[in-house]
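> give me a model of this one.
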Amino acid sequence: ELSLSYKSISTELFLKKPPAKSLEISRYSPIIANPAPLDHARLQENPKVKPKVDYIVSDTHVKAAIAINELYKSQIAITNINKILSTGLLGQQTKRRLVPTRWSITAVDDTISKNLLENIRYYPELNEILLFNNEYNGNHYEILLLPSNFSFEVIEAEMKMNELKFWQDYELFQGRKYYADNVVGAYYANRLALSEYLTSIKSQATALFFREVGPEYYAQLGVGILRECTRDAYKK
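Next up is the predicted model:
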């Protein structure tokens, strides 16, 4: 019920024991402070569920990929779709599963951008060179769009232990068949933001994403912030 709602819901939590005084900061998980085991939870108000969400979740015959795209076309927020998929509420009845948050975010970004790219590959080529940039919490982006057939590459750089580290993944016009295991989730978040922009201008282009990670980004905040950072770059 919490994942279906598009608004936050007042919820009462009952703990098995008091929270422990600890703080976990990791590049691979959200910031976790003062954890405690949960006994049970109780909603204090009714969930605010949009009719399209209720309809899609109730349809146990539609495949998850189709459901994701239908929700996106109905302007359901990406974060809302992520939560619905993560809690195992999309797809055919016998194939519904709980999905780890990181996987659900990437699955949604990948599914929607793939669908948008099916049309983008038929658009005319961009007729000028465009450069966008943006920065958020130590993540600096420079995005270069060149007149050509669609292709996409992400190059990331970060200083670690006094050594500059690089990561890179790309795809050509036909797309890629394997997971981007260097840039990982950020690759698909960036590709979704790009696909939305190219769809809005009805053009295809070669895109180069340069990301520099500064020391300010010391704790994992999720690839969602990178999607929004690059989405925001196209508005400037």
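> okay, CA-based contacts and neighbour counts for the rest of this
Noted.
> give me the nearest residue to residue 99, chain neighbours excluded.
Spatially, and ignoring its direct neighbours in sequence, residue 99 is nearest to residue 86 (4.4 Å; CA to CA, 6 or more residues apart in numbering).
> over to residue 117?
Among residues not flanking residue 117 along the chain, residue 195 sits closest, at 6.5 Å (CA to CA, 6+ apart).
> the residue nearest to residue 99 touches residue 107, doesn't it?
No. Counting by CA atoms under 8 Å, residue 86 sits too far from residue 107 to count as a contact (9.9 Å).
> can you give me the buried ones in the helix ranked longest in the chain?
Assignment by DSSP state H gives helix 101-120 as the longest helix of the chain. Neighbour counts over helix 101-120 (16 or more other CA atoms under 10 Å) mark 102, 104-114, 116-117, 120 as buried.
> tell me where this structure has strands.
Using DSSP state E, the strands of the chain run over 11-15, 23-26, 29-33, 38-43, 130-136, 139-146, 151-160, 163-171, 206-213.
> just put those strands in TSV and tack on mean neighbour count, mean pLDDT and distance to residue 61.
Listed next are the strands of the chain as TSV, based on neighbours: other CA atoms under 10 Å; pLDDT from 0 to 100; distance: least, CA to CA, whole Å:
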stretch	mean neighbour count	mean pLDDT	distance to residue 61
strand 11-15	12	94	32
strand 23-26	12	71	39
strand 29-33	13	70	33
strand 38-43	11	94	29
strand 130-136	16	97	40
strand 139-146	19	98	40
strand 151-160	17	95	34
strand 163-171	14	95	32
strand 206-213	20	97	37
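> which parts of stretch 191-207 are buried?
Neighbour count says stretch 191-207 has 191-198, 202-207 buried, by 16+ other CA under 10 Å.
> can you check stretch 64-76 too?
So, applying 16+ other CA under 10 Å, buried residues of stretch 64-76: 64, 65, 66, 67, 68, 69, 70, 71, 72, 76.
> so the first one is in contact with residue 86, correct?
Put plainly, it is residue 64. No. Between residue 64 and residue 86 there is no contact, the gap being 11.4 Å when judged by CA under 8 Å.
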